[in-house]
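Q: What would the 3D arrangement of this be:
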Amino acid sequence: MAFSSVQAPFVNPVVPFSGTIQGGLQDGLQITVNGTVLHAHGTRFAVNFQTGFSDNDIAFHFNPRFEEGGYVVCNTKQKGRWGPEERKMNMPFQMGIPFEIRFLVQSSGFQVTVNGNFYTNYIHRVPFHRVDNISVTGTVGLTHISFQNTRAVPVQPAFSVMQFSQPARFAPKPKGRKPKVSRSPPWLPLADLPLSSRQPIPFFTSIPGGLYPSKSITITGIVLPYAQRFHINLRSGNDIAFHLNPRFDENAVVRNTQTNNSWGPEERGLNRSMPFVRGQGFLVRCPAWSSRGLRRGR
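A: Take a look at the predicted model:
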């Protein structure tokens with residue numbers, strides 16, 4: 001199991017908004033903007049990826065306009081001068097309806113997805129590594145702006161492999177052809193799920209086909225600012241094969257197994273500092289290894 005930290009999200013930012021992108025744009029960084037277009041006198045809003053807090057140098061200007069039937073303008077501004085506009089006549093936004101925009105930074109350009117559907121590619125006109133700020137203006141209300149490194153490799157595991165003190169029941173690996181997996185399984189990273197698909201807490205779901213070697217579960221989320229504890233359980237019937245329990249009140253991450261309503265000995269040791277931080281995002285990856293444990297992240 002491995003953890004990967006991400007930049008803390010901006011929650012309920014006030015528009016007009018301008019915020020720093022820590023470390024600047026990088027290949028594989030995905031920035032997700034969630035909000036609602038407001039019913040107001042204005043007919044436009046814009047998301048800008050720019051250098052610094054000035055709007056003189058904007059690498060990517062994404063500008064939906066509810067005029068003339070609706071369209072989206074994409075452009076770049078260098079030293080205060082706009083380049084040629086790229087107009088997309090398909091308007092994916094509606095007044096008063098929540099939206100989700102994902103901007104994925106790639107070596108060739110920005111890939112833009114709106115409400116889970118691919119919208120456009122915008123080829124870089126200036127080096128994207130110059131961008132260190134995101135701003136949002138216009139008639140829009142924001143709920144949050146989040147960040148995810150889609151190409152992050154698992155970091156050194158935060159703790160040793162969990163070995164079950166008593167046998168845990170896992171579903172056997174299916175024989176023959178591999179079972180089909182839904183395009184939107186319940187363990188998809190939070191940033192990859194449409195806003196309407198994100199689940200309330202507490203959340204329970206089955207794992208299609210059970211766990212078997214090579215199967216992996218990835219969970220991303222945000223620790224609430226005043227959290228004391230939370231837990232993730234991998235269950236087998238009424239038993240808990242693996243219990244992951246970060247405890248901020250004890251500065252510990254407890255791992256355990258519960259069989260026949262009895263807990264085994266706790267594991268608390270960490271070879272690094274507490275990997276979870278209040279108010280910040282996290283990623284937990286659980287690769288299955290065998291019927292006796294969970295594999296380390298590489």
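
Q: For stretch 106-113, which outside residues touch it?
A: The contact list for stretch 106-113, computed with CB atoms under 8 Å, 6 or more residues apart in numbering, reads 27-28, 49, 60, 62, 101-104, 118-124, 128. The C-beta positions use only the backbone N, C-alpha and C, and glycine is treated the same way.

Q: So for residue 226, what pLDDT did the model give?
A: In the prediction, the pLDDT value recorded for residue 226 is 77.

Q: Residue 129 should be in a helix, yeah?
A: Yes: per DSSP: H, G, I helix; E, B strand; the rest coil, residue 129 lies within a helix segment.

Q: Can you tell me how far it is from residue 284?
A: Per CB to CB, to the nearest Å, residue 129 is found 29 Å from residue 284.

Q: mind listing what residue 256 touches?
A: 240, 243, 245, 263, 264, 265, 266, 267.

Q: ah, wrong one, I meant residue 117
A: By CB under 8 Å, 6+ apart, the contact list for residue 117 reads residue 92.

Q: Backbone dihedrals for it, please?
A: With angles defined as degrees, to the nearest 10, residue 117 shows backbone torsions of phi -110, psi 140.

Q: okay, it: pLDDT?
A: 94.

Q: Leaving out the residues flanking it, which one is nearest to residue 92?
A: Nearest residue to residue 92, sequence neighbours excluded (CB to CB, 6 or more residues apart in numbering): residue 114, at 4.3 Å.

Q: Verify the stated contact: that neighbour with residue 91.
A: No: using CB atoms under 8 Å, residue 114 and residue 91 do not qualify as a contacting pair, with a distance of 9.9 Å.

Q: okay, those two: which has more neighbours?
A: residue 114 (20 against 15; other CB atoms under 10 Å).

Q: Give me the outermost residue of this structure relative to its centroid.
A: Checked against the mean C-alpha position of the chain, the extreme residue using CA atoms, centre = their mean is residue 260, at a distance of 35.4 Å.

Q: any idea how far residue 239 is from that one?
A: To residue 239, residue 260 is 7 Å away according to CB to CB.

Q: Ok, residue 113 next?
A: On the measure of CB to CB, residue 113 and residue 239 end up 39 Å apart.

Q: and what of residue 223?
A: Using CB to CB, one obtains 27 Å as the distance from residue 223 to residue 239.

Q: Equivalent analysis for residue 7, please.
A: According to CB to CB, residue 7 stands 37 Å off from residue 239.

Q: Please apply the same query to residue 133.
A: With CB to CB as the criterion, residue 133 and residue 239 are 49 Å apart.

Q: Count the neighbours of residue 249 for me.
A: Taking other CB under 10 Å as the criterion, the count of residues near residue 249 is 8.

Q: Excluding sequence neighbours, find me the nearest residue to it.
A: Counting by CB to CB, 6+ apart, the nearest residue to residue 249 once its immediate chain neighbours are dropped is residue 228, at 4.8 Å.

Q: didn't the one you found look like it was pressed against residue 247?
A: Yes: in this structure, residue 228 sits in contact with residue 247. The criterion is CB under 8 Å, and the distance is 7.3 Å.

Q: Tell me which of those two has more neighbours.
A: Ranked by neighbour count (other CB under 10 Å), residue 228 and residue 247 place residue 247 first, with 17 against 11.

Q: Show me where the protein has its helices.
A: With DSSP state H applied, the chain shows no helices anywhere along its length.

Q: what's the domain layout of it?
A: Domain assignment of the chain by automatic domain parsing yields the ranges 9-149, 190-294.

Q: most packed of these?
A: Mean neighbours per residue, mean count of other CB atoms under 10 Å, is largest over the domains of the chain for domain 9-149, with a mean of 17.

Q: show me where pLDDT drops low in the chain?
A: By pLDDT under 70, the low-scoring segments of the chain are 1-6, 152-200, 214, 287-298.
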